[in-house]
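Colleague: Based on what follows, work out the 3D shape:
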Amino acid sequence: SQFLSAATTADTDFSTWIASDLFGLDPGDQGFNDDPDEDGLPSGVEAFFGSNPASASGGLTAVSKSGVAVTFQHPNPNTPLSDVVGSYQWSTDLLTWYDGDGVDGDGSTTVTAVATPDSPSDNITTVVATIGGLVPGQLYLRAVATKL
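Modeller: The predicted structure is shown next:
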């Protein structure tokens, strides 16, 4: 299943989660930045999403734009891991990435991403990224994960 998540408690860390028998990954494929299922999502992002690092997952979905707001969704775990945090970044050229906190390099464009988990039973988070200042011709968004 794409949304298979190892049974976790609030104190489960990434190393315990990735080594779970549910995933069956070789130790050499259990790194935070590894992508053993080759779906383009490193295992750290899979941990942030609560998706299965051994089975291809969809990543960001339901992307839409209305005015200066871009909305997308991604899966979220029933119980987040204790040492993995997620955030969002944006780019206008896929080369330079900015944190989704409303600041860019020269101040002409800002993007602020706000995540709202839906009901815990549906394992979906909705993110609204609001563009301020100059609206770029292209806007790219991605989720990133950091291991504490």
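
Colleague: Could you look up the SS state of Gly107?
Modeller: The three-state assignment at Gly107 reads coil, by DSSP: H, G, I helix; E, B strand; the rest coil.

Colleague: pretty sure it contacts Gly133?
Modeller: Yes. The pair formed by Gly107 and Gly133 meets the contact definition of CB atoms under 8 Å, at 7.3 Å. No exception for glycine: its C-beta is placed from N, CA and C like everyone else's.

Colleague: Quick one: residues contacting Leu148.
Modeller: Ser82, Asp83, Val84, Val85 (CB atoms under 8 Å, 6 or more residues apart in numbering).

Colleague: So it versus Val68, what's the distance?
Modeller: 33 Å (CB to CB, to the nearest Å).

Colleague: Please apply the same query to Leu141.
Modeller: 14 Å.

Colleague: With Ser20 instead?
Modeller: 41 Å.

Colleague: Give me the more crowded residue out of these two.
Modeller: Legend: neighbour count by other CB atoms under 10 Å for Ser20 and Val68, higher for Ser20 (18 against 13).

Colleague: what about the helix with the most length in the chain, average pLDDT?
Modeller: Determined from DSSP state H, the single longest helix within the chain is helix 43-49. Averaging pLDDT along helix 43-49 gives 95.

Colleague: list the helices and strands that helix packs on?
Modeller: When contacts are defined as 3 or more CB pairs under 8 Å, 6 or more residues apart in numbering; DSSP states H and E, helix 43-49 sits against helix 14-18, strand 84-91, strand 140-147.

Colleague: Could you export it as PDB, CA atoms only?
Modeller: Extracted C-alpha coordinates of helix 43-49, given in PDB (Å, rounded to 0.1, in the frame of the first residue of the first chain):
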ATOM      1  CA  SER A  43      13.100   8.100   2.500                       C
ATOM      2  CA  GLY A  44      13.200  11.100   4.700                       C
ATOM      3  CA  VAL A  45      10.300  12.700   2.800                       C
ATOM      4  CA  GLU A  46       8.500   9.300   2.800                       C
ATOM      5  CA  ALA A  47       8.900   9.300   6.600                       C
ATOM      6  CA  PHE A  48       7.500  12.900   6.800                       C
ATOM      7  CA  PHE A  49       4.600  11.800   4.600                       C
END
